[in-house]
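# pasting the structure only:
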């Protein structure tokens with residue numbers, strides 16, 4: 001009898017399973033990993049879930065079959081919840097299943113404050129502040145380049161940038177296209193209007209290294225695996241598209257292997273990769289002491305022109321397709337395989353616990 005592991009996917013992905021139209025989620029790679037690890041997968045959606053059982057899909061003999069099964073003992077969460085009803089369902093699931101990555105979208109400023117508490121990790125943090133009009137005015141006096149970003153968003157949505165112009169005015173970057181040149185007063189009023197009542201933060205824009213004149217950063221995938229320990233699975237560079245101030249692939253950013261980027265920036269590739277690995281693992285070991293059941297994370301890492309490493313943000317639902325776009329097939333597969341190894345590890349740990357009888 002194979003152990004069953006739940007994969008919790010969003011409603012749209014779930015509906016696409018019979019026709020195998022599952023967007024960025026490559027279920028075939030989960031299925032391949034499960035077969036190699038001797039696991040049975042049960043794909044679930046919050047809206048198809050009861051207290052003790054769920055209607056979902058299993059994969060056998062190259063076919064997806066709809067059936068109702070008991071809630072698995074271990075579940076990998078790939079859902080971002082937006083409503084109190086969904087949060088309630090997720091909480092309910094966590095009471096009957098070991099739900100790893102239960103929370104997979106974190107307030108960016110809260111993460112900053114959490115890491116800042118560790119003096120050994122502060123060097124990896126760009127200066128960050130809660131957005132207020134007064135804080136923005138103060139930051140503009142102290143820094144020549146700033147990002148103003150939502151504290152709870154993804155794929156680069158809502159991010160604005162200010163950069164000091166030689167005239168004393170400010171270049172304002174918003175969405176795609178050429179920046180606008182604004183006076184300090186106009187820049188503050190424009191940004192304050194766009195922010196409105198939403199929760200934003202101000203972040204020092206570090207002078208990141210560039211490739212052919214365009215800024216780049218790194219997406220670093222860090223996951224727990226077969227021993228329960230954090231592992232760096234892979235890293236990929238993301239180069240901002242022309243006319244963009246963010247590097248996200250969803251916003252037209254291009255992917256490139258980090259070795260080429262580091263060489264172009266005058267860094268020693270092996271040393272830089274090792275430094276990024278060390279920083280990423282240090283950050284995740286620390287964060288996982290503070291945030292429960294964290295096991296599958298993508299870090300956005302910036303490297304400045306002097307080679308200093310800075311954490312831009314963490315992503316609790318890592319969209320792994322950058323590795324696929326870079327034709328890093330084995331790394332792409334491992335981003336699906338490693339969470340399944342962790343699920344098997346948790347199941348084995350549970351099976352080894354003495355019973356209360």
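Thanks, I have the structure now. No experiment lies behind these values; they were computed from the predicted model shown.
# contacting residues around residue 273?
Contact partners of residue 273, counting by C-beta atoms under 8 Å, 6 or more residues apart in numbering, are 235, 258-259, 262. C-beta: built from backbone N, CA, C; applies to glycine.
# so residue 277 makes contact with residue 232?
Yes - using C-beta atoms under 8 Å, residue 277 is in contact with residue 232, at 4.9 Å.
# and the gap between the residue positioned nearest the centre of the chain and residue 345?
Centrality entry for the chain: nearest residue to the mean C-alpha point is residue 315, 1.9 Å, by C-alpha atoms, centre = their mean. Using C-beta to C-beta, to the nearest Å, one gets 23 Å for the distance from residue 315 to residue 345.
# which one of the contacts of residue 273 sits closest to residue 134?
residue 235 (37.8 Å; C-beta to C-beta).
# is there a neighbour count for that closest one? I'd like the number.
If you count neighbours by other C-beta atoms under 10 Å, residue 235 ends up with 23.
# elements contacting the strand or helix carrying it?
Here residue 235 sits within strand 230-239, counting by DSSP states H and E. Identification of packing neighbours for strand 230-239 by 3 or more C-beta pairs under 8 Å, 6 or more residues apart in numbering; DSSP states H and E yields strand 214-224, strand 254-256, helix 258-264, helix 269-290, helix 321-325, helix 329-352.
# need the ones you listed in CSV with distance to residue 175 and mean pLDDT, can you?
Formatted as CSV, the helices and strands packed on strand 230-239 follow (distance: least, C-beta to C-beta, whole Å; pLDDT from 0 to 100):
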stretch, distance to residue 175, mean pLDDT
strand 214-224, 17, 94
strand 254-256, 18, 90
helix 258-264, 25, 95
helix 269-290, 29, 97
helix 321-325, 21, 90
helix 329-352, 29, 94
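# what's the closest of these to residue 105?
Here helix 269-290 is closest among the helices and strands packed on strand 230-239 (C-beta to C-beta), at 14.2 Å.
# buried ones in the closest one?
Judged by neighbour count using 16 or more other C-beta atoms under 10 Å, the buried positions of helix 269-290 are 272-273, 275-276, 279-284, 286-288.
# now do stretch 338-349
So for stretch 338-349, counting by 16+ other C-beta under 10 Å, buried means 338-347.
# distance check, the residue lying closest to residue 298 once chain neighbours are set aside against residue 335.
The shortest distance from residue 298 to any non-neighbouring residue, by C-beta to C-beta, 6 or more residues apart in numbering, is to residue 318 (3.2 Å). Counting by C-beta to C-beta, the gap from residue 318 to residue 335 is 7 Å.
# what sits in contact with each of the two?
Common neighbours of residue 318 and residue 335 (C-beta under 8 Å, 6+ apart) are residue 221.
# mind checking how far residue 266 is from residue 211?
12 Å.
# so where is this structure shaky, pLDDT-wise?
Within the chain, the set of residues satisfying pLDDT under 70 comprises 154-156, 242-253, 353-357.
# coming back round to it: pretty sure the residue nearest to residue 298 is in a helix, no?
No - Residue 318 is assigned coil when assessed by DSSP: H, G, I helix; E, B strand; the rest coil, not a helix.
# thought residue 221 was touching it, still the case?
Yes - between residue 318 and residue 221 there is a contact at 5.7 Å, judged by C-beta under 8 Å.
# so what's in contact with those two at the same time?
297-298, 335.
# tell me the one among these nearest to residue 186.
residue 298 (35.9 Å).
# for the stretch 1-150 of the chain, which segments count as helices?
11-15, 27-37, 84-94, 108-116, 133-142 (DSSP state H, counting those that start in this stretch).
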